[in-house]
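> My questions are about this predicted structure, shown below with the sequence.
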Amino acid sequence: MFMILVILHELWHFITARKSWVKVLEFGIGIPPKICKLWTDKKWTEYTLNLIPLGWFCRLKWEDPNDKADFYAKDSFISAKFRKKILILAWWVLANFFVAWIIFAGVFTAWTKPISVLPENAIQWESQSLLMPTYSSLEKQWFISGEKTDMPLVVDTIMDQSLADELWFMTWDIITNINSDTVNARNIWAVLKENIWEKINIAYIRNGSKTVVSSQCPEDNCVLWIVFSTSWNLQIQDIKYPLPKSLRLWLKEVWAQVDLTFTALWKLWKNLVSFDRSKIKWSLSGLTWPVWVIKFWENLLNSGGRVLYIAFAGMISLALAIFNILPIPALDWWRMLWVIIQKASRLKAEKYFVIEWYINTVFFILLMILWIYIIFKDLVVFRWVNIPFLG
């Protein structure tokens, strides 16, 4: 499913380029170095198999300024009209938005349940997403039935190198108090939020004996990083709407997902530029992508069935679109921005795009290094692969 979404992303680029009379030199499976050429079609596009299985790519005629014949040819991207350049680049992103729309409208019409319900106070506002709502949002829309009860906070799983791990918590420990507040599965987020950057005394019960441990609550990240049950005897009803309303609700879902994503990205950016080693470490440890996606999809298929599996595909398609509108060199939106700047400034396209090519190449290499780091980190965390120097 992940590969299909990436293929759709590149396929729209491929189609719009050909419709705009821009030659596609290569349509590649995986990231170079190239293993072999699979075949060449009638328009001399090579279909290749590459070594690094991180996706697909579409190489147009213009992307190597050292190849003067291709760079200045009539059927190169450089020679295309301005509107066609914008269309080729914009359709990359629009294709993933379109796929998300179809999927969201489909699952809301058939039926779905939330992929993940966010605990109260886990974020600073009430999530309006139907696939990642807060409990209060579900209550307002009458998608919850049953009685809320204050369940004891029984530790199930502890993340490695987390605050709970540093305090030596274990599975089946029952956390009872943080400072003077009694905590349970419902209110721990609120209690921790009130103690950001403060010293916290955590009382817990293990094998019938009560113990108190102390630590400093990290700034902007006062989280224990533990897994515990939050069911509270509540039942979440099926989310189902008529098709006309589902076709409108997709926009609300897209906006909610964009809001959640950019809030997380802003927090990540603040931590990375804070020059605080602990914040940077936490931010890097929280980065995840392909391995986590595949593992999460596997769990959804086993526990939630095909509908949730497909709904998550819509979220990933949307994530691909959001990622590509970030103003980062080598990504789609950045390249479109350069096309607009070049047109507005009336600079010679040849010189302008040579500079852009070098900038994109450097950032593409950096993104691949980051991508490979995340893959290896996720293999350690989610697949328990023992990799030297990583775990």
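Good, I have the coordinates. Numbers count the residues shown, from 1 in each chain.
> For Leu370, give me its contacts.
Contact partners of Leu370, counting by CB atoms under 8 Å, 6 or more residues apart in numbering, are Leu287. Every C-beta, even on glycine, is put in place using the N, C-alpha and C of the backbone.
> Give me the distance between it and Met315.
According to CB to CB, to the nearest Å, Leu370 and Met315 sit 21 Å apart.
> ok, now Phe376?
Counting by CB to CB, the gap from Phe376 to Met315 is 24 Å.
> So which of those two has more stuff around it?
The neighbour comparison of Phe376 against Met315 (other CB atoms under 10 Å) goes to Met315, with 22 against 16.
> pretty sure that one is touching Leu131, no?
Yes: between Met315 and Leu131 a contact is recorded at 6.4 Å, counting by CB atoms under 8 Å.
> so who does the residue nearest the centre of the chain touch?
What sits nearest the mean C-alpha location of the chain, by CA atoms, centre = their mean, is Ala319, with 5.2 Å. Residues near Ala319 by CB under 8 Å, 6+ apart: Gln257, Thr261.
> Check Ala321 too.
Val93, Leu94, Asn96, Phe97, Ala100 are the contacts of Ala321 under CB under 8 Å, 6+ apart.
> Which of these ranks first by neighbour count?
When neighbours are counted by other CB under 10 Å, Asn96 leads the contacts of Ala321 with 27 neighbours.
> okay, now the domains of the protein?
Using automatic domain parsing, the domain parsing of the chain gives 1-80, 82-131+244-391, 149-232.
> a markdown table for the ones you listed, including mean pLDDT and distance to Phe143?
Shown next, in a markdown table, are those (pLDDT from 0 to 100; distance: least, CB to CB, whole Å):
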| stretch | mean pLDDT | distance to Phe143 |
| --- | --- | --- |
| domain 1-80 | 83 | 26 |
| domain 82-131+244-391 | 79 | 8 |
| domain 149-232 | 82 | 15 |
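> buried sites along stretch 95-106?
Residues of stretch 95-106 classed as buried by neighbour count (16 or more other CB atoms under 10 Å): Ala95, Asn96, Phe97, Val99, Ala100, Trp101, Ile103, Phe104, Ala105, Gly106.
> Centre of the chain to it, how far?
Distance of stretch 95-106 from the chain centroid (CA atoms, centre = their mean, to the nearest Å) equals 16 Å.
> what's it in contact with?
So stretch 95-106 is in contact with 5, 8-9, 11-13, 243, 246-247, 249-250, 253-254, 310-311, 313-315, 317-318, 320-321, 324, going by CB under 8 Å, 6+ apart.
> For Trp197, list the residues it contacts.
Trp197 is in contact with Gln216, Cys217, Pro218, Glu219, Cys222, counting by CB under 8 Å, 6+ apart.
> pull the CA atoms of stretch 21-28 into PDB?
C-alpha atoms of stretch 21-28 as PDB (Å, rounded to 0.1, in the frame of the first residue of the first chain):
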ATOM      1  CA  TRP A  21       5.600  17.500 -24.200                       C
ATOM      2  CA  VAL A  22       8.400  17.200 -21.600                       C
ATOM      3  CA  LYS A  23      10.400  14.000 -22.100                       C
ATOM      4  CA  VAL A  24      10.600  11.500 -19.200                       C
ATOM      5  CA  LEU A  25      14.100  10.000 -19.300                       C
ATOM      6  CA  GLU A  26      13.600   7.500 -16.500                       C
ATOM      7  CA  PHE A  27      10.900   6.000 -14.300                       C
ATOM      8  CA  GLY A  28      12.700   4.200 -11.500                       C
END
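> I would like the residues contacting that stretch, please.
In contact with stretch 21-28 (CB under 8 Å, 6+ apart) are residues 10, 14, 17-18, 34, 43-50, 56-63, 70, 73, 75-77, 80, 84, 88.
> repeat that with 6 Å
The contact list for stretch 21-28 (CB atoms under 6 Å, 6 or more residues apart in numbering) reads 14, 17, 45-48, 50, 57-61, 75, 77, 80.
> Next, the buried residues of whichever helix in the chain runs longest.
Counting by DSSP state H, the longest helix found in the chain is helix 349-382. By neighbour count on 16+ other CB under 10 Å, the buried set for helix 349-382 is 349, 352-353, 356-357, 360, 371, 374-379, 381.
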